[in-house]
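Chemist: I'd like to go over a predicted model; first the sequence, then the structure.
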Amino acid sequence: MNSYFKLFLIVSLTTLFSGCEKDDICAPGTPTTPRLVIEFYNYENPAILRNVTDLRVKNPTQNNFMTFTNTSKIEIPLKTFEDVTVYEFTLNANATDVSNNTDLIEINYTREAIYVSRACGFKTHFELNPLVGFEIEDVVDTNLWIKDKNILKTNIDSENEVHIKLFF
């Protein structure tokens, strides 16, 4: 009888501990919610990358902003709790003359929450609306500094590729 009890105890404990996760810490390489990757190109010669100088990306309802200097590629976050994200893209943000120009960008998408693990929680997968996924307006007048766009990938599930090309 005693050996049956020991066997039962060993089997029970093995079953109990085999269902536990090894660690409750999210590993650094675990994929998370991706940001939207935008690359800038020359409007007159669309094959040539073009650096933006002193670009400020700001949510119009908040005071905090992101600044990008002398780069042709940026990554910006999308809202995980809404289907629309709006940003003001200001070229030459520190200039006080007419070269300072702000365009309003509206990004429309659907969201899907994907379970990663108990330690990491969920990440969000975005799908740009194919008809109005990325709209550009001028904040003050009709002087858009972003002349054209090309949506390369509507499925935003990683930051390893460019999703949108902007031409200026």
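Modeler: Structure received.

Chemist: which non-adjacent residue is nearest Asn129?
Modeler: Spatial nearest neighbour of Asn129, chain neighbours left out: Asn108 (4.3 Å); criterion: Cβ to Cβ, 6 or more residues apart in numbering. C-betas here are computed from N, CA, C, even on glycine.

Chemist: that neighbour reaches Asp83, doesn't it?
Modeler: Yes - proximity of Asn108 to Asp83 meets the contact threshold set by Cβ atoms under 8 Å, at 6.5 Å.

Chemist: those two - which one has more neighbours?
Modeler: Asn108 (16 against 13; other Cβ atoms under 10 Å).

Chemist: specify the beta-bridge partners of that one.
Modeler: Val84 (DSSP bridges).

Chemist: distance of it relative to Ala47?
Modeler: 28 Å (Cβ to Cβ, to the nearest Å).

Chemist: go on, His125?
Modeler: 31 Å.

Chemist: cool, and Ile146?
Modeler: Distance from Ile146 to Ala47, by Cβ to Cβ: 18 Å.

Chemist: who has more neighbours, these two?
Modeler: Ranked by neighbour count (other Cβ under 10 Å), Ile146 and Ala47 place Ile146 first, with 18 against 6.

Chemist: residues contacting the spatially most central residue of the chain?
Modeler: Centroid-nearest residue in the chain: Arg35, 1.5 Å away (criterion: Cα atoms, centre = their mean). When contacts are counted by Cβ atoms under 8 Å, 6 or more residues apart in numbering, Arg35 touches 75-78, 159.

Chemist: and if we set it to 6 Å?
Modeler: 75-77, 159 (Cβ atoms under 6 Å, 6 or more residues apart in numbering).

Chemist: how about it: what's its closest non-neighbour residue?
Modeler: Glu75 (4.1 Å).

Chemist: quick one: contacts for the one you found?
Modeler: With the criterion set at Cβ under 6 Å, 6+ apart, Glu75 makes contact with 35, 37, 159.

Chemist: got the buried residues for whichever helix or strand it is part of?
Modeler: Assessed by DSSP states H and E, Glu75 sits inside strand 73-76. Neighbour counts over strand 73-76 (16 or more other Cβ atoms under 10 Å) mark 74, 76 as buried.

Chemist: now do stretch 122-138
Modeler: Result for stretch 122-138 [16+ other Cβ under 10 Å]: buried residues 123-126, 128-129, 133-134, 136.

Chemist: switch those residues over to TSV; also include secondary structure.
Modeler: Putting the buried residues of stretch 122-138 into TSV (DSSP: H, G, I helix; E, B strand; the rest coil) gives the following:
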residue	secondary structure
Lys123	strand
Thr124	strand
His125	strand
Phe126	strand
Leu128	strand
Asn129	coil
Gly133	coil
Phe134	strand
Ile136	strand
